[in-house]
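Peer 1: got a sequence here, can you build the structure:
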Amino acid sequence: MQLAATAISKSFGSTKALQNVSIALEPGKVHALVGENGAGKSTLLKILAGSVSPDGGAMQIDGKAYAPRNLREAEQRGVAMVFQEIAINPLLSVAENIFIDRLRHFRRGLFIDTAALDKAAQAILDDFSADVSVKADITTLDLGKWKCIEIARALSYDPSMLFLDESTAFLNHKEVEVVLSAMKRLRDRGLAIGFVSHHLAEVRMVADTLTILKDGQWVGDFATSEITGDEIHNRMVGRDISGSIFPPKAQGTPSAPTLSMRDIALGHKLTLGQLDVGAGEIVGIAGLKGAGGESILEMIAGVVPPKAGAMRYLGKPHQPASPSDAWNVGIAYLPGDRAGEGLISEFSVLDNLIMAAPPRKGPLFDAPAARRIAGELMGRLKIKASSPDARCGSLSGGNLQKVLLGKCLSVNPRLLLLNNPTRGVDIGARHDIYRVVRQLAEQGLAIVLVSEDLPELIGMSDRIIVLRGGAVTYEFTPEEVVSEDQIIRHMA
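Peer 2: Numbering: from 1, shown residues only. Below is the predicted model:
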């Protein structure tokens with residue numbers, strides 16, 4: 001099945017998301033869309049999938065007019081899409097999430113035939129090699145497995161064309177391989193696949209062709225084998241960024257510990273003998289999903305209490321009863337799931353930026369101060385939005401991540417906890433985030449960084465702690481030269 005879109009345009013208020021963009025997707029090929037956050041990639045995919053209506057332009061499938069009014073109409077024409085943000089209902093089973101809008105098809109009398117439902121769902125998961133059992137408690141599965149369930153949901157419509165919008169952003173190395181392998185198999189079956197990813201290594205592994213977008217405009221179509229990674233980056237951002245995107249690391253020894261942890265135990269999964277994080281230091285934590293890095297952040301942030309051990313923050317015992325306790329003493333937490341835990345998409349950029357510490361004049365909310373703070377943070381983080389009053393849900397993924405970081409900075413923290421801070425973020429926005437994080441460390445903040453992006457860990461961390469199965473297996477000191485292979489050796 002071939003889909004051709006011509007002169008597609010779309011605006012959101014005064015923002016021109018797409019301007020006369022054309023694209024053609026061919027059966028049996030993976031077509032990647034690349035560009036900075038806000039370039040229009042996701043908007044274009046959503047238009048092709050019927051989620052968003054274009055302001056101008058036309059589309060055809062196999063030469064016949066195609067103008068879906070919603071996702072369902074697109075699915076009926078053989079087009080399915082997996083969105084960037086997680087959309088899983090934890091109150092439902094794995095199989096129910098896959099067939100969430102078609103459970104009636106499995107009804108036998110007054111009840112759902114769960115055996116038939118589970119069998120159909122497991123067949124899709126197995127064909128996708130997702131390593132997910134329909135019998136698993138969905139609340140125990142990590143974000144990577146949730147994304148695999150969403151991909152299985154899209155494949156359950158038996159599409160001829162599949163769009164994947166940053167579908168690997170939440171996955172670890174093994175899960176990324178599963179998704180990329182599945183894409184290759186689907187391509188070999190003759191599906192046309194549209195793929196958005198900020199990781200050009202993934203694009204180069206699976207994409208046959210790619211389209212570069214910048215500021216909503218078409219830059220060019222290229223055979224993946226005929227363009228280098230540096231050329232792609234430079235065309236995306238309009239400038240030469242072939243050098244390192246990581247700022248220089250700190251020199252010298254960090255000062256007294258801002259955070260100290262001793263003999264920590266969290267259930268039976270995490271045991272941590274000793275961890276100190278000094279003022280001005282970035283400590284990276286590496287490990288596969290479930291190794292314990294995220295649990296450490298949640299424990300420090302007051303999301304979950306330790307079973308044993310002691311924490312000290314700024315020289316005093318640290319036992320937060322809730323996340324608000326941690327925020328109130330200057331511990332800011334940037335969670336891995338920005339949509340589910342960090343931001344409220346229906347609120348404005350301003351509201352999200354100041355929600356952790358709303359400014360007050362006496363007992364009243366200080367609106368002028370809030371607007372001033374929001375403006376300063378938007379400028380400092382280079383947040384692209386029409387105004388502080390713009391709805392947060394209208395922003396691109398990279399700008400959403402910057403808003404979340406701005407929310408953390410609004411409390412003037414002494415300790416910053418970062419869980420995959422550049423997940424789903426393009427190289428230009430990564431550069432901005434890395435610059436600000438390093439500046440914060442230079443100003444004396446203690447920072448704990450958990451990331452599945454190994455180049456990010458190596459490029460940003462002053463020290464790296466490696467976890468496996470909830471225990472520390474190795475610590476890379478500032479003097480050591482660290483490689484991805486060395487980290488993986490201690491992780492696996």
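Peer 1: CA atoms for contacts and neighbours, from now on please.
Peer 2: Noted.
Peer 1: against A95, how distant is the residue located most distally from the centre of the chain?
Peer 2: Going by Cα atoms, centre = their mean, the residue of the chain most distant from its centre is G109, 41.8 Å out. Noted for G109: a distance of 19 Å to A95, by Cα to Cα, to the nearest Å.
Peer 1: double-check that S11 belongs to a strand.
Peer 2: Yes: assigned with DSSP: H, G, I helix; E, B strand; the rest coil, S11 falls within a strand.
Peer 1: which residue ranges of the stretch 101-250 of the chain form strands?
Peer 2: Ranges of strands within the stretch 101-250 of the chain are 107-108, 111-112, 161-165, 192-196, 209-214, 217-223, based on DSSP state E, counting those that start in this stretch.
Peer 1: would you list those strands in CSV and tack on distance to L400, mean neighbour count and mean pLDDT?
Peer 2: As requested, the strands of the stretch 101-250 of the chain are exported to CSV (distance: least, Cα to Cα, whole Å; neighbours: other Cα atoms under 10 Å; pLDDT from 0 to 100):
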stretch, distance to L400, mean neighbour count, mean pLDDT
strand 107-108, 41, 12, 90
strand 111-112, 39, 12, 92
strand 161-165, 16, 25, 93
strand 192-196, 17, 26, 93
strand 209-214, 18, 23, 93
strand 217-223, 21, 16, 93
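Peer 1: looking at these, which is closest to K10?
Peer 2: Smallest distance to K10 across those (Cα to Cα): 10.9 Å, for strand 217-223.
Peer 1: mind listing residues that contact that closest one?
Peer 2: Residues outside strand 217-223 that contact it (Cα atoms under 8 Å, 6 or more residues apart in numbering): 18-22, 39-40, 208-213, 235.
Peer 1: try stretch 439-458
Peer 2: 172-173, 250, 258-259, 277-288, 293-294, 297, 413-421, 461, 464, 482-484, 487.
Peer 1: okay, now the domains of this protein?
Peer 2: Following automatic domain parsing, the chain resolves into domains at 3-237, 244-330+413-492, 341-412.
Peer 1: contacting residues for V52?
Peer 2: Applying Cα under 8 Å, 6+ apart to V52 gives the contacts T43, K46, R69, N70.
Peer 1: could you rerun that using 7 Å?
Peer 2: By Cα atoms under 7 Å, 6 or more residues apart in numbering, the contact set of V52 is K46.
Peer 1: for P68, see how far away it is.
Peer 2: Counting by Cα to Cα, the separation of V52 from P68 is 9 Å.
Peer 1: and for E175?
Peer 2: Distance of E175 to P68, computed by Cα to Cα: 32 Å.
Peer 1: in the stretch 351-492 of the chain, which spans are helices?
Peer 2: Secondary structure of the stretch 351-492 of the chain (DSSP state H, counting those that start in this stretch): helices located at 367-381, 397-409, 427-442, 454-460, 484-491.
Peer 1: of these, which is nearest F12?
Peer 2: F12 lies closest to helix 397-409 among these, at 15.4 Å (Cα to Cα).
Peer 1: dump the closest one to PDB, restricted to CA.
Peer 2: Coordinates of each C-alpha in helix 397-409 appear next as PDB, following Å, rounded to 0.1, in the frame of the first residue of the first chain:
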ATOM      1  CA  GLY A 397       8.400  16.500  23.200                       C
ATOM      2  CA  GLY A 398      11.600  18.400  23.600                       C
ATOM      3  CA  ASN A 399       9.900  21.500  24.800                       C
ATOM      4  CA  LEU A 400       7.800  19.500  27.200                       C
ATOM      5  CA  GLN A 401      10.900  18.100  28.700                       C
ATOM      6  CA  LYS A 402      12.300  21.600  29.100                       C
ATOM      7  CA  VAL A 403       9.100  22.600  30.900                       C
ATOM      8  CA  LEU A 404       9.600  19.700  33.300                       C
ATOM      9  CA  LEU A 405      13.200  20.700  33.900                       C
ATOM     10  CA  GLY A 406      12.000  24.300  34.500                       C
ATOM     11  CA  LYS A 407       9.500  23.100  37.000                       C
ATOM     12  CA  CYS A 408      12.400  21.500  38.900                       C
ATOM     13  CA  LEU A 409      14.500  24.700  38.700                       C
END
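Peer 1: quick one: contacts of it?
Peer 2: 37, 332-334, 342-343, 349, 352-354, 356, 377, 381, 383-384, 424-426, 429.
Peer 1: repeat that with 8 Å
Peer 2: So helix 397-409 is contacted by 37-38, 332-334, 338, 342-343, 349, 352-356, 377-378, 381-384, 392, 416, 421-422, 424-426, 429, 433 (Cα under 8 Å, 6+ apart).
Peer 1: whichever of these end up buried, select them in PyMOL.
Peer 2: Selection of the buried residues among the contacts of helix 397-409 in PyMOL, burial being defined by 16 or more other Cα atoms under 10 Å:
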select buried, resi 37+38+332+333+334+338+342+343+349+352+353+354+355+356+377+378+381+383+384+392+416+421+422+424+425+426+429+433
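Peer 1: in strands only, show me the contacts of helix 397-409.
Peer 2: Residues of the contacts of helix 397-409 located in strands (DSSP state E): A332, Y333, L334, L416.
Peer 1: mind listing what the second one touches?
Peer 2: Contacts here follow Cα under 8 Å, 6+ apart; on that basis Y333 touches L297, A301, W327, C408, L416, L417, L418, N419.
Peer 1: you'd agree the last one is up against S295?
Peer 2: Meaning N419. No: N419 is beyond contact range of S295, at 10.3 Å (criterion: Cα atoms under 8 Å).
Peer 1: higher neighbour count, those two?
Peer 2: Comparing N419 with S295 by other Cα atoms under 10 Å, the one with more neighbours is N419, at 23 against 19.
Peer 1: where does the protein have low pLDDT?
Peer 2: The chain contains residues with pLDDT under 70 at 170, 238-244, 252, 254, 267-269.
Peer 1: where along the stretch 201-350 of the chain do the helices fall?
Peer 2: Taking DSSP H, counting those that start in this stretch, the helices of the stretch 201-350 of the chain run over residues 229-237, 293-300, 323-328, 349-354.
Peer 1: rebuild those as a markdown table, extending it with distance to I61.
Peer 2: Shown next, in a markdown table, are those (distance: least, Cα to Cα, whole Å):
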| stretch | distance to I61 |
| --- | --- |
| helix 229-237 | 28 |
| helix 293-300 | 44 |
| helix 323-328 | 50 |
| helix 349-354 | 38 |
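Peer 1: of these, flag the one that's most buried.
Peer 2: Across those, averaging neighbours per residue (mean count of other Cα atoms under 10 Å) puts helix 349-354 on top, at a mean of 26.
Peer 1: and it, what does it pack onto?
Peer 2: Using 3 or more Cα pairs under 8 Å, 6 or more residues apart in numbering; DSSP states H and E, the elements in contact with helix 349-354 are helix 367-381, helix 397-409.
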